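A.B. asks: structural data only, the sequence is not supplied:
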């Protein structure tokens, strides 16, 4: 449209170009949706896990950016920490830095129990997904009520949802 008004393109050609650009913009977003429907996500890689050394007084679920920030000062002070994550690549990366991260799905009560949730004094939920965090919080409240619970809020709305699930404001 700008090229037509500047008389750089003839009116007929400008109309065709505008139509092509408009159609391509409209179809590109739909093409991405169609692609995701047709092409399935690859199955998440799994690792066989041994939880015999999972005896930390603090259990951190999620070893992404926030989980690492929480773990660093605790480990530096000699606090026994058990780390749990479901990302095989993140676990391999942590091994390069001599960090022991257990593989497991934090939304499963049996995995949390195996990782030491029953004896942990504090459970920190630091996952990257708000819905996953809420699901884990519900499981921890129901199955492991003796542990103090801290949870990462992704935004103010998520913080309100966590508070609605019984996470104290000073633990969000």
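C.D. replies: Nice, thanks for sending it over. Remember, it's a predicted structure, so these values are computed and weren't measured experimentally.

A.B. asks: let's verify residue 124: helix, strand, or coil?
C.D. replies: Judged by DSSP: H, G, I helix; E, B strand; the rest coil, the three-state class of residue 124 is strand.

A.B. asks: shouldn't it be in contact with residue 150?
C.D. replies: Yes - between residue 124 and residue 150 a contact is recorded at 4.7 Å, counting by Cβ atoms under 8 Å. The way it works is simple: take the backbone N, C-alpha and C, and place the C-beta from them, glycine included.

A.B. asks: what touches both of those two?
C.D. replies: Common neighbours of residue 124 and residue 150 (criterion: Cβ atoms under 8 Å, 6 or more residues apart in numbering): residue 70.

A.B. asks: neighbour count winner among the two?
C.D. replies: residue 124 (24 against 18; other Cβ atoms under 10 Å).

A.B. asks: which residues in the chain form strands?
C.D. replies: Here the chain has its strands, by DSSP state E, at 58-61, 81-85, 101-103, 122-125, 148-151.

A.B. asks: would you map out the domains in the protein?
C.D. replies: Using automatic domain parsing, the domain parsing of the chain gives 2-38, 58-171.

A.B. asks: and the ones you listed, which one averages the lowest pLDDT?
C.D. replies: Among the domains of the chain, domain 2-38 carries the lowest mean pLDDT, a mean of 77.

A.B. asks: what's the spacing between that one and its chain's center?
C.D. replies: The gap between where domain 2-38 is centred and where its chain is centred comes out at 36 Å by Cα atoms, centre = their mean, to the nearest Å.

A.B. asks: over to stretch 139-155?
C.D. replies: That offset, for stretch 139-155, works out to 16 Å (Cα atoms, centre = their mean).

A.B. asks: gap between the two ends of it?
C.D. replies: With Cα to Cα, to the nearest Å as the measure, stretch 139-155 spans 21 Å from end to end.

A.B. asks: residues in contact with residue 93?
C.D. replies: By Cβ under 8 Å, 6+ apart, no residues touch residue 93.
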